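In: Next comes the sequence, and after it the predicted model I'd like to discuss.
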Number of protein chains: 2
Amino acid sequence: MTIKDARTPASTQNASVATEPSTDGEAGKSIGWHKAYVEGTRPDLRVPVRQVHLTNGQSVTLYDTSGPYTDPHVETDVRRGLPPLRENWIIARGDTEEYAGRPVRPEDDGIKHTSPRGGLRNLDAVFPGRPRQPRRGRDGAAVTQLAYARRGEITPEMEFVALRENVSPEVVREEIAAGRAVLPANVNHPEIEPMIIGKRFLVKVNANIGNSAVTSSIEEEVEKMTWATRWGADTVMDLSTGRNIHTTREWVLRNSPVPIGTVPLYQALEKVDGKAEELTWEIYKDTVIEQAEQGVDYMTVHAGVRLAYVPLTANRKTGIVSRGGSIMAAWCLAHHKESFLYENFEELCEILAAYDVTYSLGDGLRPGSIADANDEAQFAELRTLGELNRIAKRFNVQTMIEGPGHVPMHKIKENIDLQQEICDEAPFYTLGPLTTDVAPAYDHITSGIGAAMIAWWGTAMLCYVTPKEHLGLPNRDDVKTGVITYKIAAHAADLAKGHPGAQEWDDALSDARFEFRWEDQFNLALDPDTAREFHDETLPAEPAKTAHFCSMCGPKFCSMKISQDIRREHGGTKAEIEQGMAEKSKEFAAAGNRVYLPIAD
Amino acid sequence: MTIKDARTPASTQNASVATEPSTDGEAGKSIGWHKAYVEGTRPDLRVPVRQVHLTNGQSVTLYDTSGPYTDPHVETDVRRGLPPLRENWIIARGDTEEYAGRPVRPEDDGIKHTSPRGGLRNLDAVFPGRPRQPRRGRDGAAVTQLAYARRGEITPEMEFVALRENVSPEVVREEIAAGRAVLPANVNHPEIEPMIIGKRFLVKVNANIGNSAVTSSIEEEVEKMTWATRWGADTVMDLSTGRNIHTTREWVLRNSPVPIGTVPLYQALEKVDGKAEELTWEIYKDTVIEQAEQGVDYMTVHAGVRLAYVPLTANRKTGIVSRGGSIMAAWCLAHHKESFLYENFEELCEILAAYDVTYSLGDGLRPGSIADANDEAQFAELRTLGELNRIAKRFNVQTMIEGPGHVPMHKIKENIDLQQEICDEAPFYTLGPLTTDVAPAYDHITSGIGAAMIAWWGTAMLCYVTPKEHLGLPNRDDVKTGVITYKIAAHAADLAKGHPGAQEWDDALSDARFEFRWEDQFNLALDPDTAREFHDETLPAEPAKTAHFCSMCGPKFCSMKISQDIRREHGGTKAEIEQGMAEKSKEFAAAGNRVYLPIAD
């Protein structure tokens, strides 16, 4: 494969090449990495990567989720949206059609009654980008990556992720065909850079955003999305529950380089003024179509919360903690009927198949406390999700399964093992799990522990948890902290799984550390800004960045420094050291026995 | 057992009883917990606990490391030091004697040359507290908790930790006698509240403090110690390497309610101006005695770094990353001789036994990068530590073993399994391990993941890592973040090990969460201040603290609220729900089908 970057002459192909250092939009500082592209078999197939250029002349290529925003050669404008990267691929397949689509109604944005101000609270908010019509499979045909994979077709999307993951396209196709991986890519979301979720691939991280009835605005949500992907979020879920749900989602979708997930039930509930018992299959279905036409890539559907399971939660410490789960439980009890999601699941499959919306089968009965982990209610629902997974596959709908929640460490493995067995190895997508309940304000950490472990054991995507979990809505800093924590968990799992190439990143950073290449260490860090800032806090002077010690131990106690001196004095390899040690010992003494350079302290 | 607290009438015993809410020294806010004491079999044996008083009239008793500083009935003064709690116990044993002790010399504080200012750089810094003479075992006799335990004696210290851990004193004695636990308690550190380190007990956390050649002062170090213990540090290591090492340590020891650990090699190296090759056994021994006389409770000794192992590190990515390890390696190579620590280990045992200083056998060859984990150098040293552990036990010296470092998740278990096998189940005391190298500025998290796992599998104490690891010296905030992260790891491990009573804390917090007792949730949190602050950030109004929802989901989407309504509407138990569900369903509809209280949004 060819990587296009600043150090490669521009090819004759029309691949755009980043030739200048990207700059940090906020700090305005030049940073030591470039956006570059790996070229596929066609000129419009260019996989973005982050190339970190080291001071020793080498470079390290890292996975990049940040989209065109970090490419200085692409002018982005949130009012126009991102270029529709996949549009030609979708059209070329010839199996979809444009159609008029469902008209947008005031209630889609939570406006029930005409007010003196009329319609949308904030008309300026309507997305002004290029006009578009929705697209769907002709005659409701399955136009899913699963259908293509099963037919043996390698789509451009599959080739894209193969390059991104450094595996063969055939492996990608096989994993999708077997249902062990999903490639969420709604035909109405051509802006995304395709990515894959499956245990054979790099562990992925989802970041939740979304306004609520209580706080936050459209602008904030779009900014949270670009911010989350900048730090490494692989997908973003828009969990808005307040006003302007439809419009917020439109802005987010048109500007998102990553797949967007939602929970359609939230919007459906807003349409019935929050009265769960007034929900109907028709309102729900209409909402799913509305969102599918906009381009939502995957939807959480709590179809596993069946009437009979609700009583199983009666003696729980924290009842039902999933919003969707509790809404469906309330509906089932109010009507004393089986869930309308469960009853109409096949029809839902037909809808999702026509847009290639991926299922994320929600765990509505997940445990919300250590006490409730791995209980009857949770596993009863999981068995139903296994059943629904098989139905979805019959309709060629890509499917992943959501998982807990709050689980102590010794009960984590049972979750992934059971899920893999019951759900035919469909990708597991877990929220944490949180390994203790006692640390509100630090639940990114209580859950990061569980997330790393369950990902090592086979979970394909981790839903992040921010420090605000249980306490409030995450702000910008919380989003960043959540994403970074989960990138750590995901990468730790990639290492533990022995994912090919995963350790190269650690090795490059450790080499830089051992050789006191401070700038390389910062640039290779998951969060270069904070690493640099922390270093400068104690030793701000520029020379300290080339110093052969750091402020933690000072020059005399720098083990790496002493270690380097030993290596320099006594030869590089074990044999050389053993052979020359006695002899070198004398020289070392003669040379003044200095294990560190004389630096005034 | 009797717990003395605000709600218990004062007993006739002279136990001091906290009768008013403690106040947060900084914020000045009243907080919902009290310092209380569990009384033992004698009036001077009072084990501190933190009692959290809930708004439902119940209370929860938590382990408390914060010392007399959080007892409003004790006046503390850092210039006087803490009361010598254990003094009478030590004297009553009749096996120690006071003696003149080693005179303090200018070089103990790093003053080599008389300067115009003369002696100590900062004479005011000399600790002004009560005069004291050092104490040691008569005729060098072993006066260790291990010796007593082996003789079948249950000391007041053992009874103290038994009450603290809620186990029988006999279990404590047995675990110490078997070498599976240590109770670090130098006869010259009577100020400590005894604690125990062993896999049968609660997982403990150590916080490192210490000035360096580059930054920080005595005052800062004393404050970091009290700050770290306030947040839950069970022991503190003073790793100072700059000036005033002796005096800083004196201040820290006299004011510390927790055991203090050191690495004597650091001070010894300062005494030879940082020239590793000038170190001698005599200088080292003199430093150990100096520190033992001051009251250091445990000492890291890198006696496992043998000459023959140094070449094993030659092909490592990051060489030797332990300060002590690299110093000893440099010494061995410079002289081409076996380590003077290894050669004189038996004499060192005699010294430590006379003061009941506990060994922490250092892992000088621990891996400093993912690439170097579990290599030949690391495990060669571990085997030597196993040999030294057996020698120490012959001399009745309590011993724990230090562990790595940087280890990917799939290689962690081998570390604890090998250590337990090779070291006869001596307590393992690990630094993390860090599960990836790529996140400088977040190494509290990369390592918190590994720490939780290795503690679950049997590690007895975790050495914290702060966000500044690899970058600089931790400040006050970093110390707090490091301690909280490691308390999470330790508690997650206690849960996973099924430690009796560990889950009560989680259950109490989850009950409070489910019942919207916000104040109880904050007060039970590992960090009440931050939990409260995060909540207030989004919903600052006082009524929000009694609201039946939070800002994350708002009233309509609050699953706990819906879940509670379901439980209220449909009866409390599974049987009741099943029995009455259809019937209740009608009532629910008749009552308006509200799953949430009507709150304006």
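Out: On my side now, so go ahead.
In: which stretches of chain A have low pLDDT?
Out: Applying pLDDT under 70 to chain A flags residues A:1-31, A:112-125, A:212-216, A:539-557, A:569-601.
In: so where's the longest helix in it?
Out: When chain A is parsed with DSSP state H, its longest helix is helix A:476-496.
In: residues of it that come out buried?
Out: A:478-496 (16 or more other Cβ atoms under 10 Å in any protein chain shown). Backbone N, C-alpha and C define where each C-beta goes, glycine included.
In: what's the answer for stretch A:175-189, then?
Out: Buried, per 16+ other Cβ under 10 Å, within stretch A:175-189: A:175-189.
In: Take it, keep the C-alpha atoms, and write them as PDB.
Out: Provided in PDB are the C-alpha atoms of stretch A:175-189 (Å, rounded to 0.1, in the frame of the first residue of the first chain):
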ATOM      1  CA  GLU A 175     -16.300 -11.600   9.000                       C
ATOM      2  CA  ILE A 176     -19.300  -9.500   7.800                       C
ATOM      3  CA  ALA A 177     -20.800 -12.500   6.000                       C
ATOM      4  CA  ALA A 178     -20.500 -14.600   9.100                       C
ATOM      5  CA  GLY A 179     -22.200 -11.900  11.200                       C
ATOM      6  CA  ARG A 180     -19.100 -11.600  13.400                       C
ATOM      7  CA  ALA A 181     -18.600  -8.000  12.200                       C
ATOM      8  CA  VAL A 182     -20.800  -5.100  11.100                       C
ATOM      9  CA  LEU A 183     -19.900  -2.200   8.800                       C
ATOM     10  CA  PRO A 184     -22.600   0.400   9.800                       C
ATOM     11  CA  ALA A 185     -23.200   2.600   6.700                       C
ATOM     12  CA  ASN A 186     -26.700   3.800   5.900                       C
ATOM     13  CA  VAL A 187     -27.200   4.600   2.200                       C
ATOM     14  CA  ASN A 188     -28.300   8.000   3.400                       C
ATOM     15  CA  HIS A 189     -25.100   8.800   5.200                       C
END
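In: starting at the chain centroid, how far to that stretch?
Out: Offset of stretch A:175-189 from its chain centre (Cα atoms, centre = their mean, to the nearest Å): 15 Å.
In: ok, the buried residues of stretch A:175-189 vs A:Ile416, which is closest?
Out: The closest of the buried residues of stretch A:175-189 to A:Ile416 turns out to be A:Arg180 (Cβ to Cβ; 13.4 Å).
In: ok, that closest one - contacts?
Out: Contact analysis of A:Arg180 by Cβ atoms under 8 Å, 6 or more residues apart in numbering or on different chains lists A:Gly198, A:Lys199, A:Arg200, A:Glu425, A:Ala426, A:Pro427.
In: which ones are touching the first one?
Out: The contact partners of A:Gly198, taken as Cβ under 8 Å, 6+ apart, are A:Glu175, A:Ile176, A:Arg180, A:Ala181, A:Val182, A:Pro427, A:Ala460.
In: Quick check: it vs chain B, distance?
Out: 20 Å (Cβ to the nearest Cβ, to the nearest Å).
In: same question, the third one
Out: From A:Arg200 over to chain B the distance is 17 Å, taken as Cβ to the nearest Cβ.
In: List the contacts of A:His410.
Out: A:His410 sits next to B:Trp456, B:Leu495, B:Ala496, B:Lys497, B:Gly498 when contact means Cβ under 8 Å, 6+ apart.
In: which among the residues you listed are in contact with chain A?
Out: For chain A, the contacts drawn from these by Cβ under 8 Å from any Cβ of the partner chain are B:Trp456, B:Leu495, B:Ala496, B:Lys497, B:Gly498.
In: Compile those into JSON lines and extend it with columns for distance to A:Ile351.
Out: As requested, the ones next to chain A among the contacts of A:His410 are exported to JSON lines (distance: Cβ to Cβ, whole Å):
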{"residue": "B:Trp456", "distance to A:Ile351": "44"}
{"residue": "B:Leu495", "distance to A:Ile351": "43"}
{"residue": "B:Ala496", "distance to A:Ile351": "43"}
{"residue": "B:Lys497", "distance to A:Ile351": "48"}
{"residue": "B:Gly498", "distance to A:Ile351": "47"}
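In: Around chain B, which positions in the stretch 251-400 of chain A sit nearby?
Out: A:266, A:269-270, A:274-278, A:310-315, A:317-323, A:325-327, A:329-330, A:333-336, A:368-371.
In: one more time with 6 Å
Out: Residues of the stretch 251-400 of chain A lying close to chain B (Cβ under 6 Å from any Cβ of the partner chain) are A:274, A:276-277, A:311, A:314-315, A:317-323, A:326, A:330, A:334, A:336, A:369-371.
In: Out of these, which end up buried?
Out: Here, 16+ other Cβ under 10 Å leaves A:274, A:276-277, A:311, A:314-315, A:317-323, A:326, A:330, A:334, A:369-371 buried among those.
In: Just confirm A:Ser59 contacts A:Ala36, I think it does.
Out: No: A:Ser59 is beyond contact range of A:Ala36, at 9.1 Å (criterion: Cβ atoms under 6 Å).
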